[in-house]
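**Q** Okay, structure incoming, though there's no sequence with it:
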């Protein structure tokens with residue numbers, strides 16, 4: 001049985017002064033795919049302003065808006081209800097030669113990016129870990145290895161930290177573990193992509209009880225179809241996971257990206273509340 005989940009994600013910017021105008025892109029609306037169905041989604045912006053939406057190259061729903069008048073703060077509230085599904089049994093994977101030569105859109109997920117460029121020593125270690133295993137076994141071994149080698153330490157890294165830097169530090173957050181796992185999977189010959197969304201923190205969540213949720217990052221790897229893995233929590237993503245965006249790395253999926261004309265400093269507050277409805 002799947003879950004029905006409500007997510008309320010609120011981000012508020014308070015400028016140290018007044019912004020003359022701002023333009024923003026927001027990726028906070030859950031997707032529809034074979035693992036989940038979005039029943040409804042709303043994006044509320046204060047000061048009130050029209051919002052337009054489009055689907056980007058990676059299949060993510062992007063909302064865009066501008067505030068063309070002076071404003072001292074900006075609040076973005078995304079509210080959605082989503083039905084999720086348990087992970088299906090793994091299908092037999094394609095062979096290694098097929099994975100290493102796949103073309104089309106999947107081929108984009110075989111190439112390194114600034115976030116996922118790693119040393120040849122690290123890449124060689126990934127290939128050694130994959131040796132003698134089928135692609136599913138190799139993907140798990142690589143992801144669980146990241147979980148063992150990189151400690152989850154909130155605040156240990158920044159939004160611009162690369163996979164190589166996270167490895168060298170030996171600590172990081174879910175973004176770092178996802179980047180490192182993606183990099184190692186690609187090095188081993190498995191196409192992989194970065195996933196962002198939400199995670200209900202309680203696997204046995206009570207129905208109707210709102211809790212503090214998390215914006216989260218995990219990975220999907222290709223073996224003929226996309227399969228999710230969460231290296232941070234050493235598990236395959238299940239009913240408590242809600243996908244918002246996918247891409248080559250974090251640069252393709254930031255929840256908010258924008259520019260404004262105004263004071264150079266300010267304060268940001270973010271809250272995520274999730275409720276299992278069924």
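**A** On my side now, so go ahead. Bear in mind the structure is a predicted one, so any value in this text is a computation, not a measurement.

**Q** give the contact list for residue 208.
**A** Residue 208 is in contact with 275, 276, 277, counting by C-beta atoms under 8 Å, 6 or more residues apart in numbering. Any C-beta I mention is one placed from the backbone N, CA and C, and that applies to glycine too.

**Q** Can you tell me which of those residues is nearest residue 119?
**A** residue 276 (42.2 Å; C-beta to C-beta).

**Q** Show the residue spans covered by the helices in the stretch 1-150 of the chain.
**A** With helices called from DSSP state H, counting those that start in this stretch, the stretch 1-150 of the chain shows them at 96-101, 120-130, 135-149.

**Q** Just name the most buried of these.
**A** helix 135-149 (a mean of 20; mean count of other C-beta atoms under 10 Å).

**Q** How far off centre is it?
**A** Mean-position distance between helix 135-149 and its chain equals 18 Å (C-alpha atoms, centre = their mean, to the nearest Å).

**Q** Mean pLDDT added to the helices of the stretch 1-150 of the chain, as CSV?
**A** Supplementary listing: these in CSV, determined by pLDDT from 0 to 100:
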stretch, mean pLDDT
helix 96-101, 94
helix 120-130, 98
helix 135-149, 98
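
**Q** So which elements touch the strand of greatest length in the chain?
**A** For the chain, the strand that runs over the most residues, judged by DSSP state E, is strand 3-19. Strand 3-19 makes packing contacts with strand 71-84, strand 192-199, strand 256-261, strand 266-276 when contacts are defined by 3 or more C-beta pairs under 8 Å, 6 or more residues apart in numbering; DSSP states H and E.

**Q** In contact with the residue lying closest to residue 36 once chain neighbours are set aside, which residues are there?
**A** Of all residues beyond its chain neighbours, the one nearest residue 36 is residue 84 (4.8 Å), with distances taken as C-beta to C-beta, 6 or more residues apart in numbering. Contact analysis of residue 84 by C-beta under 8 Å, 6+ apart lists 2, 3, 4, 5, 35, 36, 238, 239, 240, 241, 242.

**Q** make it 10 Å
**A** When contacts are counted by C-beta atoms under 10 Å, 6 or more residues apart in numbering, residue 84 is found next to 2-5, 30, 35-37, 200, 237-243, 276.

**Q** likewise residue 153?
**A** With contact set as C-beta under 10 Å, 6+ apart, residue 153 has these partners: 169, 170, 171, 172, 173, 176.

**Q** Quick one: residues contacting residue 233.
**A** Neighbour list for residue 233: 147, 152, 174, 177, 199, 201, 203, 216, 218, 240, 241 [criterion: C-beta under 10 Å, 6+ apart].

**Q** residues near the last one, how many?
**A** Right, residue 241. Residue crowding around residue 241 was assessed by other C-beta atoms under 10 Å; the count is 25.

**Q** Grab the nearest non-local neighbour of it.
**A** For residue 241, the nearest residue in space outside its immediate sequence neighbours is residue 199; the separation is 5.7 Å by C-beta to C-beta, 6+ apart.

**Q** Is it correct that that neighbour is in contact with residue 217?
**A** Yes - with contact defined as C-beta atoms under 10 Å, residue 199 reaches residue 217; the gap is 9.3 Å.

**Q** Overlap of the contact sets of the two?
**A** Taking C-beta under 10 Å, 6+ apart as the criterion, residue 199 and residue 217 both touch 174, 230, 232.

**Q** now those residues in CSV, with pLDDT, neighbour count and distance to residue 45?
**A** Formatted as CSV, the entries for the shared contacts of residue 199 and residue 217 read as follows, by pLDDT from 0 to 100; neighbours: other C-beta atoms under 10 Å; distance: C-beta to C-beta, whole Å:
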residue, pLDDT, neighbour count, distance to residue 45
174, 98, 20, 27
230, 98, 24, 31
232, 98, 25, 31
